[in-house]
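# Dropping a prediction and its sequence here:
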Amino acid sequence: MIQFEALTKQFADGTLAMHNINLEIPKGQFCVLLGPSGAGKSTLLRSLNGLVEPTSGRIIFAGRPITGRQDLLFMRRRVAMVHQSFNLVPRLTVLTNVLCGLLGRASLIKSLLGVFPREQKHNACRLIESVGLSEEHVYRKASGLSGGQQQRVGIARAFIGDPEVVLADEPVASLDPRISRDIMQLLRNASQARNATVLCSLHQVDLAREFADRIVAMKTGRVVFDGSPSDLTDEVLGEIYGDEQSGSRQAEGASTIKGMLGLGSNRLGEAA
Ligand SMILES: Nc1ncnc2c1ncn2[C@@H]1O[C@H](COP(=O)(O)OP(=O)(O)OP(=O)(O)O)[C@@H](O)[C@H]1O
């Protein structure tokens, strides 16, 4: 479904956010990206919705090399995004927020006026129900929902356009552990039901192990691990996160490796 060929991104200030990334992500795979803060996970995700332009290398999406503007539009139309901070419009209803996932597909004027065909509204209502919200939520403003409910809306919005690929950038970073698991389960179920490919960055190793078909770990812009959850041993985790533990940058991350693993300090200390 997606091929990254020697993908490299160097920002104008010289930061090398991705260096020679070579990956093939097959259709329907649920691939989790792990790695310390600043590893390049978001940059990789953003290269797939056109928000980051690679410095060199290329992306092949559904067999089509993404080189020009038309290719980029082709890819963007097939990719949806789930955000860490939900990115809903607070004053709009749940229904309209979900329908916003069709912007760019529906007529711009109609979308801006909030005029969506009956069938699309019907689909949106079905999706709202399928993500665990009820009728009473449909016309409620997004600002009146809990974080977990907002992310359910975010998932419904991502899937309404029937995307082939869903990018989820730390989708549970601002949720408590129980709700996080529910949201990951929902994302997993929704993608499986549609055979959609998911690329999901996470800081929670336990969730990565539970939900991923495949885990790719990055560090300083490079892929340092690519395998199944069962291959992700504590030793490998120590290599991925170890150096960062002693660095001050870890404070910027979602949590310490200890918290992420839910382990005691001794084992962790050894790994680090
Ligand atoms: N627009 C930008 N200009 C310059 N540097 C950037 C820009 N965007 C990201 N970077 C840098 O690129 C590197 C990779 O950042 P990225 O956000 O991809 O990491 P990440 O693994 O997603 O981190 P986190 O887990 O904290 O979200 C970091 O050093 C970051 O500071």
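Looks like it arrived, so ask away.

# quick one: low-confidence parts of the chain?
For the chain, the stretches flagged by pLDDT under 70 are 104-114, 243-272.

# tell me which parts of it are close to the ligand?
By C-beta under 6 Å from any ligand atom, the residues of the chain that approach the ligand are 11, 13, 15, 17, 35, 37-43, 252-253. Bear in mind the C-beta positions are built from the backbone N, C-alpha and C, glycine included.

# Out of those residues, which sit inside helices?
Per DSSP state H, helices hold the following members of the residues of the chain next to the ligand: Lys41, Ser42, Thr43.

# List the residues that contact the closest residue to the last one other than its chain neighbours.
Leaving aside its sequence neighbours, Thr43 sits nearest to Ala17 (C-beta to C-beta, 6 or more residues apart in numbering; 4.1 Å). When the contact criterion is C-beta atoms under 8 Å, 6 or more residues apart in numbering, the partners of Ala17 are Lys9, Gln10, Phe11, Gly40, Thr43, Val52, Gly221.

# I'd like the ones in helices among the residues of the chain next to the ligand laid out as TSV, including neighbour count.
Output for these, formatted as TSV (neighbours: other C-beta atoms under 10 Å):
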residue	neighbour count
Lys41	26
Ser42	19
Thr43	22
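
# Just the buried ones from the residues of the chain next to the ligand?
Among the residues of the chain next to the ligand, those scoring as buried are Ala17, Gly35, Gly38, Ala39, Gly40, Lys41, Ser42, Thr43, Gly253 (criterion: 16 or more other C-beta atoms under 10 Å).

# Now for Thr8: which residues touch it?
Listed by C-beta under 8 Å, 6+ apart, the contact partners of Thr8 are Leu16, Met18, His19, Asn20, Ile21, Pro54, Thr55, Ser56, Gly57.

# again, 7 Å this time
Met18, His19, Asn20, Pro54, Thr55, Ser56, Gly57 (C-beta atoms under 7 Å, 6 or more residues apart in numbering).

# Tell me how many other residues crowd the residue lying closest to it once chain neighbours are set aside.
Leaving aside its chain neighbours, Thr8 sits nearest to Ser56 (4.7 Å; criterion: C-beta to C-beta, 6+ apart). Neighbour count of Ser56, defined by other C-beta atoms under 10 Å: 12.

# Relative to Thr67, how far out is Ser56?
Using C-beta to C-beta, to the nearest Å, we find Ser56 at a distance of 12 Å from Thr67.

# Identify the bridge partners of the most centrally placed residue in the chain.
Nearest residue to the geometric centre of the chain (C-alpha atoms, centre = their mean): Ala168, 1.2 Å. Going by DSSP bridges, Ala168 is paired in beta bridges with Val82, Cys200.

# List the contacts of it.
Ala168 makes contacts with Val82, Leu187, Val198, Cys200, as judged by C-beta under 7 Å, 6+ apart.

# So which of the ones in helices among the residues of the chain next to the ligand is the closest to Phe86?
Nearest to Phe86 among these: Ser42, at 15.9 Å, using C-beta to C-beta.

# what about the closest residue to that closest one other than its chain neighbours, neighbour count?
Once flanking residues are discounted, Ser42 sits nearest to Asp169: 5.6 Å by C-beta to C-beta, 6+ apart. Using other C-beta under 10 Å, Asp169 is surrounded by 20 other residues.

# In contact with Met75, which residues are there?
So Met75 contacts Leu48, Phe61, Ile66 (C-beta under 7 Å, 6+ apart).

# did I read that right, it in a helix?
Yes. Met75 sits within a helix when classified using DSSP: H, G, I helix; E, B strand; the rest coil.

# Could you pull up the contacting residues of the closest residue to Ser143 other than its chain neighbours?
Distance criterion C-beta to C-beta, 6+ apart; nearest residue to Ser143, sequence neighbours excluded, is Pro90 at 3.7 Å. Residues near Pro90 by C-beta under 7 Å, 6+ apart: Lys141, Ala142, Ser143.

# show me where the stretch 51-200 of the chain has helices.
Counting by DSSP state H, counting those that start in this stretch, one finds helices in the stretch 51-200 of the chain at the ranges 69-76, 94-99, 108-112, 118-130, 147-159, 177-194.
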